[in-house]
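Visitor: Got a sequence here, can you model it:
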Amino acid sequence: MAHRQRTSKRGGRRRIFPRYPLQSIRFRRIAAIGLLFLITVAAMQFAVRVRLSAATAYRFPLDPIQREKVQDDIRQIFPPYVVWRWILPFTAVKAGYYEIKPTETCFEVWNRLRKGIQTPIRFYLRPQRTPRDLAVFLGRILVHDSSTWLKTFSQVPWENYGLNSQTWMLLFLPDVYETYWTISPLRLIERMKENYDRFWNEERRKKAESLGLTPVEVGILASIVEHESYRVSERPLIAGVYLNRLRLGMPLQADPTIIYAIGDFSINRVTHKMLEIDSPYNTYKRRGLPPGPIGMPSIESIEAVLHYTPSPYLYFCARPDGSGYHDFSETYEQHLIKARSYQKALNRWLAQKR
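Guide: Model (predicted):
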């Protein structure tokens, strides 16, 4: 359709101006406003924050059906007008541990879930007494359950790590670790080996060699020292007593090894009958170190062996005052006097406990 024209003369020239209908101008204005609105809404989709007042952790398990339940929980922290709330049910969220902070936008959270960008977790691996205890602990901290960990422990070729079926727990040094919640058992074992090799550096290996022990043997002795006293300050002196016995060829006669052989860790008193148990962990009947640790020794106990306190002592006995400390003796006669005093105190304590 041809436009009506109007002309004007300026400087002898004629200029032609097209006349637009009023409807066309309004349409362009509405279109510009609509486009600006769409741009604003789209920008808001990327800027809206999640509805949280504090950082909240979400665990997406390995089972896809259980993951869907967690997805429904996360949808609730997305406002209804945010597109990511409606996209989330159709997003293949990867298993993992995700800590969501109030400062994060809905898009950032959705994008992390989509890509599986987990939040690392930190945990302190406490000394555990048995493989089952270790499996239960890891099953509580990480995604795989205790049965998976136990199965892995029984199938790993520990000889490849310089250990065997009785010493492999020494690989798990009690320490603070940072890892992903979904780490595989084999990968965690590799991490433990890396940490184990860093700990047993050249200096510590030479120190163990000066004692006539290997790192594994130091770990075995440290596990006994660990369960002889919870008083860390006297563990070097206890370690020195056991090293004296090893040098003289005396039996270690360590009560914690008897308790380990029996498998009842609630025992308060080791009886003469218990000392007759037929076990490689019976250090009353067998000389030298047992074939493996009686639990995971702490780093403090390992250091107590490596940096033991020299002394002439060959015996020690718990003090009767219940302080957790021990009295040390050079001769068996001195030891018997102190042991009788402790036994009387223990009898009174057990009687009150009944």
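
Visitor: Strands of the stretch 151-300 of the chain, start to end?
Guide: Per DSSP state E, counting those that start in this stretch, the stretch 151-300 of the chain carries strands over the ranges 176-179.

Visitor: those helices in it, which residues are they?
Guide: Counting by DSSP state H, counting those that start in this stretch, the stretch 151-300 of the chain has helices at residues 185-199, 202-210, 215-228, 235-248, 255-262, 299-306.

Visitor: Could you say which of those helices is packed most deeply?
Guide: When these are scored by mean count of other C-beta atoms under 10 Å, the highest mean neighbour count falls to helix 215-228 (a mean of 24). Where you see a C-beta, it was placed from the backbone N, CA and C, and this is true even at glycine.

Visitor: average pLDDT for that one?
Guide: Mean pLDDT, computed over helix 215-228, is 97.

Visitor: before we move on, the earlier item: CSV for the helices of the stretch 151-300 of the chain, including distance to Lys273?
Guide: Formatted as CSV, those follow (distance: least, C-beta to C-beta, whole Å):
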stretch, distance to Lys273
helix 185-199, 38
helix 202-210, 36
helix 215-228, 21
helix 235-248, 23
helix 255-262, 11
helix 299-306, 29
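
Visitor: among those, which is nearest Pro290?
Guide: In terms of C-beta to C-beta, the element of the helices of the stretch 151-300 of the chain nearest to Pro290 is helix 255-262, at 5.6 Å.

Visitor: could you dump that closest one to PDB, C-alpha only?
Guide: Only the C-alpha atoms of helix 255-262 are listed here, as PDB (Å, rounded to 0.1, in the frame of the first residue of the first chain):
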ATOM      1  CA  ASP A 255      46.100 -58.500  78.100                       C
ATOM      2  CA  PRO A 256      44.600 -56.600  75.100                       C
ATOM      3  CA  THR A 257      45.700 -59.400  72.800                       C
ATOM      4  CA  ILE A 258      43.900 -61.900  74.900                       C
ATOM      5  CA  ILE A 259      40.700 -59.900  74.700                       C
ATOM      6  CA  TYR A 260      41.100 -59.600  71.000                       C
ATOM      7  CA  ALA A 261      41.600 -63.300  70.600                       C
ATOM      8  CA  ILE A 262      38.400 -63.900  72.600                       C
END
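
Visitor: circling back to that earlier point, could you say which one of the helices of the stretch 151-300 of the chain comes nearest to Gln128?
Guide: Shortest separation from Gln128 across those is recorded for helix 215-228, at 10.8 Å, computed as C-beta to C-beta.

Visitor: other SSEs contacting that closest one?
Guide: helix 202-210, helix 235-248, helix 255-262, helix 299-306 (3 or more C-beta pairs under 8 Å, 6 or more residues apart in numbering; DSSP states H and E).

Visitor: Can you lay out those helices as CSV showing distance to Thr119 and mean pLDDT?
Guide: Formatted as CSV, the helices and strands packed on helix 215-228 follow (distance: least, C-beta to C-beta, whole Å; pLDDT from 0 to 100):
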stretch, distance to Thr119, mean pLDDT
helix 202-210, 34, 97
helix 235-248, 37, 97
helix 255-262, 38, 96
helix 299-306, 27, 98
